[in-house]
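Student: heads up, no residue letters with this:
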């Protein structure tokens, strides 16, 4: 994969005027060999800041970019699904050059190319900010400032799918049978086009007061902000193109069923009243109070506004005259409490929602039907999070810095559905599921999640008298969450409840071994259809049977409770070096690959499977379809629950800055040559998939190992 990046920056100014201008181009090839994927970006940016008078200043920032994005007609998820499922016994390309049908007529080597057409997705982005500040003359420290910003986005999708030919090889007759796939129905081309536009405007104005009175410092403001978002989507499609030479919507099939179109729009407005007052005495005693009132069009009148205060205080002990401890260079204790609101939820929940789903015959005529797909909840309002932080920051022995924070957060009024506790006999539990399977019953502000933990960081910074300097900074976070309330069906067993456990845990059977002998199979309870080589499931309730009551809730989910990182940097004379490590722990991911007749097996499973010839295999026997196997998806179990802890070198870079004696001769300001790499290696127990992924089939878009060589020149 080749990636290039070019930038040209120009900056300058005078005592009252400063300007900056930048042009850039980035090109990147796709991950696939001979693939259709190509990305080109062109960007421009300009900043202008002007002091019109001693009290009035204005600024204007404009930026825009154009993205030319081209992809294969099939998405990356389907292409990589086909890669993971591909059999090693089926060639992608036969010796005579014919492409094979792969698995289920999905050959990723061909799908990734432009053989089946291309999907063009150009995007245009504009951002503009006009800002101003005026220092009022009648009171020192009093000023007014504000800004108005515009963000515009326009993107298009043009996906023209054309048919192409794959081949099946018959070993008995030594013949290759053609199979036409791709395109649309009836082996003919199809076209999908979509245009999406988004507009966001934000207006902000604040009255500020910042002033020092001897040892007393005050920094305060009151403000108002209003934002408006508008989205619009328009799409159309056509099938049965008689030829691939005319890829226009007007040139597709002429039947009424060959055409389709759709559209949607979205409007969202928020307004906020803001205030803050911060006080410190000689940088020793610090306090701050904030209050904001936010209104959102997501919620109905009467529940549209939320009040969200916060308060914080700090005490810098090292500023005290009596504190004479040479060990500490700086020591500060701080605490804060605040309330935050969330309106990032679905729109129109306070209306009954309807959809055109069915047709009915009334009086001999077909009449369009409208179905109620979601009941209204006129009482929805803001989700709320109450957050508390208590921390200590200190610098010590000239070179070290440390921070330790305890935090807790209680999220309340989370919008969730009260679905599990409502009997199906009510007739309101999801009779008409939508595309995202939302239930008919409305969301309510009833969910609760609590979390707590601590964050710690430790750094060392060495500035030598010579040419060598280096630094190291490590961080560690432990964050445990717990579901305070989620609607669960009555009678759920205690060890199966989600309430009181972390988010995203799994309900599974406990696999305690493999049936290796007939005696094992005869003497231990097992599920229907179990055979030698299948997993043994624990009889948790000791009733002599394996039933759903024997499933348990896992200790960890796929949200890590531990995350950590390490940053290294050093320089010696003109050389510089940096590296970033990141990792996670106390995390689990359920992964059962699509295996059998529908896909390949992981090598760890294939090489270590139980079989009559290898009865000591550490993996269960293979079957025709893992998703419906006794040891697989038919009885979800913790054999496939993997510990996805890892440590990964995320980035490493080595650079060399050319000496000034060289750059002066070349008439350039500065030049740096560098080499960098991303995701060079990972330490983990996971063998078959990326531990950062979240797919239960293990079909992740892979982390890319990228190596860059470059030169940065400044004139």
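Tutor: Happy to help now that I have it. Note that the structure is a prediction, hence the values are computed from the model and not measured.

Student: what does stretch 231-239 contact?
Tutor: For stretch 231-239, contacts defined as CB atoms under 8 Å, 6 or more residues apart in numbering pick out 157, 184-185, 188, 190-199, 249, 251-253, 258-267. Bear in mind the C-beta positions are built from the backbone N, C-alpha and C, glycine included.

Student: could I get the full set of helices for the stretch 551-700 of the chain?
Tutor: For the stretch 551-700 of the chain, applying DSSP state H, counting those that start in this stretch gives helices covering 603-608, 660-665.

Student: out of the ones you listed, nearest to residue 650?
Tutor: Taking CB to CB, helix 603-608 is the member of the helices of the stretch 551-700 of the chain nearest to residue 650, at 25.6 Å.

Student: list the buried ones in that closest one?
Tutor: For helix 603-608, the neighbour count (16 or more other CB atoms under 10 Å) marks residue 605 as buried.

Student: low pLDDT regions in this structure?
Tutor: 1, 427, 429-438 (pLDDT under 70).

Student: max-length helix in it?
Tutor: helix 76-85 (DSSP state H).

Student: other SSEs contacting that helix?
Tutor: Counting contacts by 3 or more CB pairs under 8 Å, 6 or more residues apart in numbering; DSSP states H and E, helix 76-85 is packed against helix 108-111.

Student: following the helix it packs on, which helix or strand shows up next?
Tutor: Downstream of helix 108-111, the first helix or strand assigned by DSSP states H and E is strand 117-120.

Student: partner strands of that next one, parallel or antiparallel?
Tutor: strand 56-72 (antiparallel), strand 142-161 (antiparallel) (DSSP bridges).

Student: contacting residues around that strand?
Tutor: With CB under 8 Å, 6+ apart, strand 117-120 has contacts from 36, 68-73, 156-162, 182-183, 189, 244.

Student: could you rerun that using 6 Å?
Tutor: Residues outside strand 117-120 that contact it (CB atoms under 6 Å, 6 or more residues apart in numbering): 36, 70, 71, 73, 158, 159, 160, 161, 162.

Student: which one is the fifth one nearest to, not counting chain neighbours?
Tutor: To tie it back to what came earlier, the one meant is residue 158. Leaving aside its sequence neighbours, residue 158 sits nearest to residue 120 (CB to CB, 6 or more residues apart in numbering; 4.7 Å).

Student: what residues sit buried inside stretch 44-63?
Tutor: 45, 47, 49, 50, 51, 57, 59, 61, 62, 63.

Student: hang on, I meant stretch 491-504
Tutor: Neighbour-count burial for stretch 491-504, with 16+ other CB under 10 Å as criterion, is recorded at 496, 498, 501, 502, 504.

Student: which one of these is nearest to residue 361?
Tutor: Once CB to CB is applied, the member of the buried residues of stretch 491-504 that ends up nearest residue 361 is residue 498, at 44.8 Å.

Student: pull the contacting residues for the closest one.
Tutor: 483, 486.

Student: dihedrals phi and psi, it?
Tutor: phi -80, psi -30 (degrees, to the nearest 10).

Student: separation between residue 393 and residue 376?
Tutor: Here the criterion is CB to CB, to the nearest Å. By it, residue 393 lies 49 Å from residue 376.

Student: so residue 323 sits against residue 317, correct?
Tutor: Yes: taking CB atoms under 6 Å as the definition, residue 323 is a contact partner of residue 317 at 5.3 Å.

Student: which of the two has more neighbours?
Tutor: For residue 323 and residue 317, the more surrounded residue by other CB atoms under 10 Å is residue 317, and the numbers stand at 16 against 11.

Student: what's near enough to touch that one?
Tutor: Residues near residue 317 by CB under 6 Å, 6+ apart: 323, 331.

Student: next, it: phi, psi?
Tutor: Note on residue 317: its backbone torsions stand at phi -70, psi -30 [degrees, to the nearest 10].

Student: need the contacts of strand 117-120 in a markdown table with distance to residue 623, can you?
Tutor: Shown next, in a markdown table, are the contacts of strand 117-120 (distance: CB to CB, whole Å):
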| residue | distance to residue 623 |
| --- | --- |
| 36 | 36 |
| 70 | 41 |
| 71 | 35 |
| 73 | 33 |
| 158 | 43 |
| 159 | 37 |
| 160 | 40 |
| 161 | 35 |
| 162 | 37 |
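
Student: residues contacting residue 202?
Tutor: Counting by CB under 6 Å, 6+ apart, residue 202 touches 149, 227.

Student: same check on the one 5 residues further on?
Tutor: Residue 207 makes contacts with 144, 222, as judged by CB under 6 Å, 6+ apart.
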